[in-house]
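A.B. asks: Below are the sequence and a predicted model; questions follow.
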Amino acid sequence: MDKKEIKKLPKIELHCHLDGSVSYYALKNEEPDIEGFSKEMLQAPVPCRNLKEYLQCFDVVLPLLQTETMLEKAAFDVIRQAAEENVIYTEVRFSPGLHCESGLSHSQICRAVLKGLEKGEEKFGVKSRAILCMMRGKPSEYNNKVLDAAEEFLGYGVAGVDLAGNEAAYPPQIYEGFFKRAENAHIPFAIHAGECGSAENVKTAVEMGAKRIGHGVAIVENEEIKELCRKYKVCLEMCPVSNLQTGAAEDIFQYPFWQLYKEGVCATIHTDNRTVSNTSLTNEWAVLTEKFSQIDRDVILKANLAAAGAAFLPEGEKKKLEETILKYKLQNPSVQVL
């Protein structure tokens, strides 16, 4: 399949980081006080030496996202990008504590991002929600404030929480208490696991109640954990381009999406960081279809139906997304979805 065909397909994006996806053009218009500011400063090398090198791009972006105006603008910009490639629903994640340098409160930060998402939906018709990220390696107070904000805005634009950061140094079980709090508050949650850490981190995350796993590539050779994911209908949020950049996957021919998909694991595809990885959801699928001939429109639509079903939304709203994808199938009878 070529990119033009893929671009037309209705798509769901569940794993998209705000700070890694705001475009150069949105930032450039604010005339940042950075010598030699360029698009290349926001893009990670291909490949990176390690995850640390990949994350250095965020050191450039984060100082520019410290005002309500810029947070709103960044969120709007991400929705604009999604609309350009027929993404019909996206969950945009960010960690409020990373945007407090100018004195903004978590509530102010969340309101600004949610305002940008709302404006984007009004202008472009792309439905969206926010996910708030707790961070590995941060003090308890930091992550409790994230949960405070999630409780405040749950149902008002925030759909759930996540745990991101250095997985190898900070395995999921360290944060079990935070997820018990989330569960008690009925806050859905995902956990970054099995990206640059062991498959056991995915097992722990699932046993802690995670319904979605950020990345999860490490489970491909572990039959026990794959069965666990199937049993509990856990959705993997896979991000091929960034996984290849960071070394989570050695090369595209060994990328585990197709194997996991055909083995019945709920494997879905997302961008992770549109700007840092210089990618789009269309490109993510194009990279896969170029190397795996088995991945056709049927597979792409089925995976997006699975992503719709895994969205942190009420059942009625998920059903509407599924109906949009199925409607596309009916209008394109050569596409066999069911």
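C.D. replies: Yep, that arrived.

A.B. asks: what helices or strands is the helix-or-strand element of the chain with minimal mean pLDDT leaning on?
C.D. replies: Ranked by mean pLDDT, DSSP states H and E, the weakest helix or strand in the chain is helix 51-55, scoring a mean of 81. Packing partners of helix 51-55 (3 or more Cβ pairs under 8 Å, 6 or more residues apart in numbering; DSSP states H and E): helix 240-246. From N, CA and C alone the C-beta is placed, and that goes for glycine too.

A.B. asks: element containing the most centrally placed residue in the chain?
C.D. replies: For the chain, His15 is the residue whose C-alpha lies nearest the centre (Cα atoms, centre = their mean; 1.0 Å). Assigned by DSSP states H and E, His15 belongs to strand 11-17.

A.B. asks: now that strand, how far from the chain's geometric center?
C.D. replies: 5 Å (Cα atoms, centre = their mean, to the nearest Å).

A.B. asks: Next: stretch 211-224.
C.D. replies: 16 Å.

A.B. asks: Which positions in it come out as buried?
C.D. replies: Lys211, Arg212, Ile213, Gly214, His215, Gly216, Val217, Ala218, Ile219, Val220, Asn222 (16 or more other Cβ atoms under 10 Å).

A.B. asks: Tabulate these (JSON lines), appending pLDDT and secondary structure.
C.D. replies: As requested, the buried residues of stretch 211-224 are exported to JSON lines (pLDDT from 0 to 100; DSSP: H, G, I helix; E, B strand; the rest coil):
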{"residue": "Lys211", "pLDDT": "97", "secondary structure": "coil"}
{"residue": "Arg212", "pLDDT": "98", "secondary structure": "strand"}
{"residue": "Ile213", "pLDDT": "98", "secondary structure": "strand"}
{"residue": "Gly214", "pLDDT": "98", "secondary structure": "strand"}
{"residue": "His215", "pLDDT": "97", "secondary structure": "strand"}
{"residue": "Gly216", "pLDDT": "97", "secondary structure": "coil"}
{"residue": "Val217", "pLDDT": "97", "secondary structure": "helix"}
{"residue": "Ala218", "pLDDT": "96", "secondary structure": "helix"}
{"residue": "Ile219", "pLDDT": "97", "secondary structure": "helix"}
{"residue": "Val220", "pLDDT": "96", "secondary structure": "coil"}
{"residue": "Asn222", "pLDDT": "96", "secondary structure": "coil"}
